[in-house]
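Colleague: curious how this folds, go ahead:
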Amino acid sequence: MSEVADYKLVRNSAVGTELTEEMARLLAAKMGVRHLKDGEYLVKEGDADQTLFVLATGKLTVISKNSEGVEQMVYTMKEGECAGTRAFVEQLPRRATLRAVGDATVYTLTPEDFESLLVIHPRAAFKVMRALFRVTHANLSRMNQETEQLTNYITKTQGRY
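Modeller: Alright, predicted model coming up:
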């Protein structure tokens, strides 16, 4: 198991869509590597960790607590997707739990390591931030669409589900 992030996987991930090979190599050199076993937690909701995660191999389940405090599976991440954009950018506690489904490898990027990339290659850092904005915007658009679909379902059935 490699302890160095593969720049090719980074370049093909959600954060690497605009990166040149050189930029992807620089970013990969700043990233850590975590290997998870089936069912192992990467982070838990409420953790103060602000690391950004890129799923290199395997799957991760995104879990969040509902209003009664019961954990619910929200989404299953696929290879190349990233998680933790809010905690990474806003420096706030985690809003969801991430757990491995089968064995998984995750690339990690701390805010401090990202800031060091900003110093050595500002253009690469700009492209990563633009990619994070796209990821966040896509998530928000998906949530808005799901809310609209639910509202339409409820209003068309007069609240009878």
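Colleague: was I right to think M77 contacts K59?
Modeller: Yes: between M77 and K59 a contact is recorded at 6.3 Å, counting by C-beta atoms under 8 Å. Bear in mind the C-beta positions are built from the backbone N, C-alpha and C, glycine included.
Colleague: neighbour count winner among those two?
Modeller: The neighbour comparison of M77 against K59 (other C-beta atoms under 10 Å) goes to M77, with 20 against 17.
Colleague: can you show me the helices along the protein?
Modeller: 7-11, 21-30, 85-90, 111-120, 122-156 (DSSP state H).
Colleague: looking at the ones you listed, which is nearest to V43?
Modeller: helix 85-90 (8.4 Å; C-beta to C-beta).
Colleague: identify each buried residue in that closest one, please.
Modeller: 85-89 (16 or more other C-beta atoms under 10 Å).
Colleague: next one: stretch 48-62
Modeller: Of the residues in stretch 48-62, those buried (16+ other C-beta under 10 Å) are 50-56, 58-62.
Colleague: what pairs with the most centrally placed residue in the chain across the strands?
Modeller: By C-alpha atoms, centre = their mean, the mean C-alpha position of the chain lies nearest to A83, the distance being 1.2 Å. Beta-bridge pairing for A83 (DSSP bridges): F53.
Colleague: I'd assumed T97 was in contact with it.
Modeller: No: counting by C-beta under 8 Å, A83 does not reach T97; the two are 10.5 Å apart.
Colleague: anything in contact with each of those two?
Modeller: V62 (C-beta atoms under 8 Å, 6 or more residues apart in numbering).
Colleague: how many neighbouring residues does the nearest residue to R123 once chain neighbours are set aside have?
Modeller: Excluding its sequence neighbours, the residue lying closest to R123 (C-beta to C-beta, 6 or more residues apart in numbering) is M23, at 7.4 Å. By other C-beta under 10 Å, 21 other residues sit near M23.
Colleague: if we can go back for a sec, how about the helices of the chain in a markdown table, adding mean pLDDT and distance to E71?
Modeller: Formatted as a markdown table, those follow (pLDDT from 0 to 100; distance: least, C-beta to C-beta, whole Å):
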| stretch | mean pLDDT | distance to E71 |
| --- | --- | --- |
| helix 7-11 | 96 | 29 |
| helix 21-30 | 96 | 32 |
| helix 85-90 | 87 | 18 |
| helix 111-120 | 93 | 27 |
| helix 122-156 | 79 | 19 |
